[in-house]
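Participant: Give me a model of this one.
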Amino acid sequence: MLSRIAESLFWIARNMERAEDTARILDVNYHMLLEQSQQTYRLRWEPLVYITGEQERFFKLYSLATTQTVFEFLGFHDENPNSIVQCIYRARENSRTIRDRISREMWQDINSLYHMVSRFNADEEIAVGPHRFCSTIKFASHRFHGVSDDTLPHDEGWQFLQLGRALERAEMTARIVDVEYHNLVERRTPDEKPDNHQWMAVLKSVAAYEIYRRQYHSRIDPEKVAELLVLHPQHPRSIRFNLAVLQSSLRAISGSAPGYYTNEAERLTGKLHDSLMYDRIDEIFERGLHEFLTDVLVTCREIGDHIAHSYFYYAASAA
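Facilitator: From the prediction side, this is the model:
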């Protein structure tokens, strides 16, 4: 497979996943504000900017994080390369350059989404609230991956799609847990009770509320939320689950056997996955959750760079 095709598939998946993840946190946060909570929680919109890692660019453009400014910035703004609209545009452009290597259904699906997104008016969507726009993006992402799985041969190209989606998911979940735990637990005053309503929103933002209830049969506990989102082996948005997908796809591409690695991306992935398999959540908290998640994010970025060096022949650009 040509390196440019592999790279395009990798970034198609990353951009589609990034768009969906951003839509999820916007939609859940908006509905959280409409529902009754036991207490007034701080910085309702600002954490979303930090979760996406775009705080520096955001505060150059806006002075306050409000419903309107955050939705405009994360959803539509041309100067935010990771806004939902810009992610869809890039995914479509990557697809256009390799139309002969993807299925017709894949191209039609992502091209239709591109034209649909182009017709959205930012001011109108802000006025009615983000739910309509975010729901369109979420279900379009689900449809795209379903079409890809059903119409694309599960060969090297499909494995690069899996790499992109899994790496993006692992990073997003790590940022969500890190930012929200800091805001909801570490910054809480001694006389302030935990806000289960907001922890419910955190779980819903990664489609984990129902599995939390089935797994723990208890009120929402921050440490158990962290355990689920970091260490659960089967939840598709946990960090451990996505590192397992990364490891499997990297081995499928290189042909390396379990217990061996052929490049630095495989070594780092295996090392991090092993730590997630054998660590306990209390051990992670003893070392420091923030420090642990920072290491996860740094390692994920290194894995992405080494995937680029091994298969794309040049360092991955910020996309």
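Participant: what about His309, neighbour count?
Facilitator: Using other C-beta atoms under 10 Å, His309 has 15 neighbouring residues. All C-beta atoms are positioned from the backbone trio N, CA, C, and that covers glycine.
Participant: Need phi/psi at it.
Facilitator: Note on His309: backbone dihedrals following degrees, to the nearest 10 are phi -60, psi -40.
Participant: Ser95 now?
Facilitator: Dihedral angles for Ser95 - degrees, to the nearest 10 - are phi -70, psi -40.
Participant: and the gap between it and Ile88?
Facilitator: Distance from Ser95 to Ile88, counting by C-beta to C-beta, to the nearest Å: 11 Å.
Participant: got it, and Met277?
Facilitator: According to C-beta to C-beta, Met277 and Ile88 sit 35 Å apart.
Participant: how does the chain divide up, domain by domain?
Facilitator: Domain assignment for the chain by automatic domain parsing gives 1-152, 154-319.
Participant: can you put those in JSON lines and add mean pLDDT?
Facilitator: JSON lines is the format used below for the domains of the chain (pLDDT from 0 to 100):
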{"stretch": "domain 1-152", "mean pLDDT": "90"}
{"stretch": "domain 154-319", "mean pLDDT": "90"}
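Participant: Buried residues in the biggest helix by length in the chain, which are they?
Facilitator: Using DSSP state H, we find that the single longest helix of the chain is helix 3-34. Going by neighbour count (16 or more other C-beta atoms under 10 Å), the buried part of helix 3-34 is 5-30, 32.
Participant: Same question for stretch 79-96.
Facilitator: 80, 82-92, 94-95.
Participant: Nearest to Ser218 among the residues you listed?
Facilitator: The shortest approach to Ser218 among those belongs to Ile84, at 34.7 Å (C-beta to C-beta).
Participant: what residues are up against that closest one?
Facilitator: Neighbouring residues of Ile84 by C-beta atoms under 8 Å, 6 or more residues apart in numbering: Ala19, Thr22, Ala23, Leu74, Gly75, Phe76, Val117, Phe133, Ile137.
Participant: one more time with 10 Å
Facilitator: By C-beta atoms under 10 Å, 6 or more residues apart in numbering, the contact list for Ile84 reads 15, 18-23, 26, 71, 74-77, 117, 120, 130, 133-134, 136-137.
Participant: Measure how the helix or strand hosting Thr69 sits relative to helix 3-34, angle-wise.
Facilitator: Thr69 belongs to helix 67-75 when assigned by DSSP states H and E. Relative orientation of helix 67-75 versus helix 3-34 (axes from the mean of the first three to the mean of the last three C-alpha atoms, to 10 degrees): 160 degrees.
Participant: Identify those among the buried residues of stretch 79-96 that sit within helices.
Facilitator: Ile84, Val85, Gln86, Cys87, Ile88, Tyr89, Arg90, Ala91, Arg92, Asn94, Ser95.
Participant: closest to Gly53 among the residues you listed?
Facilitator: Cys87 (13.5 Å).
Participant: Who are the contact partners of the closest one?
Facilitator: 11, 14-23, 80-81, 117, 137, 141, 319.
Participant: What of Val245?
Facilitator: Val245 makes contacts with Gln159, Gln162, Leu163, Arg165, Ala166, Leu167, Arg169, Ala170, Pro236, Thr269, His273, as judged by C-beta under 10 Å, 6+ apart.
Participant: Which of the residues you listed fall in helices?
Facilitator: Going by DSSP H, the helices hold Gln159, Gln162, Leu163, Arg165, Ala166, Leu167, Arg169, Ala170, Thr269, His273 from those.
Participant: where's the first one relative to Ala140, distance?
Facilitator: Read it as Gln159. As judged by C-beta to C-beta, Gln159 and Ala140 stand 23 Å apart.
Participant: hang on, the earlier thing: pull the helix holding Thr69 out as PDB, backbone CA atoms only.
Facilitator: The C-alpha trace of helix 67-75 is given here as PDB (Å, rounded to 0.1, in the frame of the first residue of the first chain):
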ATOM      1  CA  THR A  67     -22.700  28.700  25.200                       C
ATOM      2  CA  GLN A  68     -22.400  30.800  22.100                       C
ATOM      3  CA  THR A  69     -18.600  31.300  21.900                       C
ATOM      4  CA  VAL A  70     -17.800  27.700  22.700                       C
ATOM      5  CA  PHE A  71     -20.300  26.200  20.300                       C
ATOM      6  CA  GLU A  72     -19.200  28.600  17.600                       C
ATOM      7  CA  PHE A  73     -15.500  27.800  18.200                       C
ATOM      8  CA  LEU A  74     -15.800  24.100  18.600                       C
ATOM      9  CA  GLY A  75     -18.500  23.600  16.000                       C
END
